[in-house]
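K.L.:
return a 3D structure for these sequence lines:
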Amino acid sequence: MNKLKRGQRSSGVKWDLDSEIQARVKKLITDLDLEWLSYGRIFFYRSHGSKARAYARTWGLPRLWQTTLNVEPAYIVEVISEYFDKLDKRKQDEVLLHELSHIPKNFSGALTPHTRRGHNNFKDKLKQMIVKLDNL
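P.N.:
Numbers count the residues shown, from 1 in each chain. Here you go, the predicted model:
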């Protein structure tokens, strides 16, 4: 085991590609007809050792990075195992839908915030997805 030198910090976070979450989200996208989500450009990771207090988070690839790297828009959905794994399957699906709601309909690489100057686009989109999930 490597010892840290004075002044160095270790994040202690480990990220693993997660094919289980990938399969679950693919099923959600298909079952709920979420056609704007370009499934092949969304990547799924499970983190261990994060200090974040969230169940999951979504990472976007901003346009400047896309242009610089000459790549298409992409997103990463990270589930934080310390919190996410304690939820029942239904709540996990709701968390995944919440994270997918951060992906805008133009799939630009940007992220949709929870609120935008009085607009409820995020909350409305999430509610519609959960209603569809309830009707499956």
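K.L.:
how about the secondary structure of the one residue sitting closest to the centre of the chain?
P.N.:
Most central in the chain under C-alpha atoms, centre = their mean is Val77, positioned 2.6 Å from the mean C-alpha point. Using DSSP: H, G, I helix; E, B strand; the rest coil as the criterion, the local structure at Val77 reads strand.
K.L.:
ranges for the helices of this protein?
P.N.:
When assigned using DSSP state H, the helices of the chain occupy the ranges 19-31, 63-69, 81-84, 89-101, 121-134.
K.L.:
and the ones you listed, which is most packed in?
P.N.:
Between the helices of the chain, helix 89-101 has the highest mean count of neighbours, a mean of 18, where neighbours are mean count of other C-beta atoms under 10 Å. Every C-beta, even on glycine, is put in place using the N, C-alpha and C of the backbone.
K.L.:
can you name every helix or strand that that one contacts?
P.N.:
In terms of contacts (3 or more C-beta pairs under 8 Å, 6 or more residues apart in numbering; DSSP states H and E), helix 89-101 is packed against helix 19-31, strand 56-60, strand 75-80, helix 121-134.
K.L.:
what sits up against the first one?
P.N.:
The set of residues that contact helix 19-31 without belonging to it, under C-beta atoms under 8 Å, 6 or more residues apart in numbering, is 34, 37, 39, 42-44, 46, 77, 79, 92-93, 96-97, 100, 132-133, 136.
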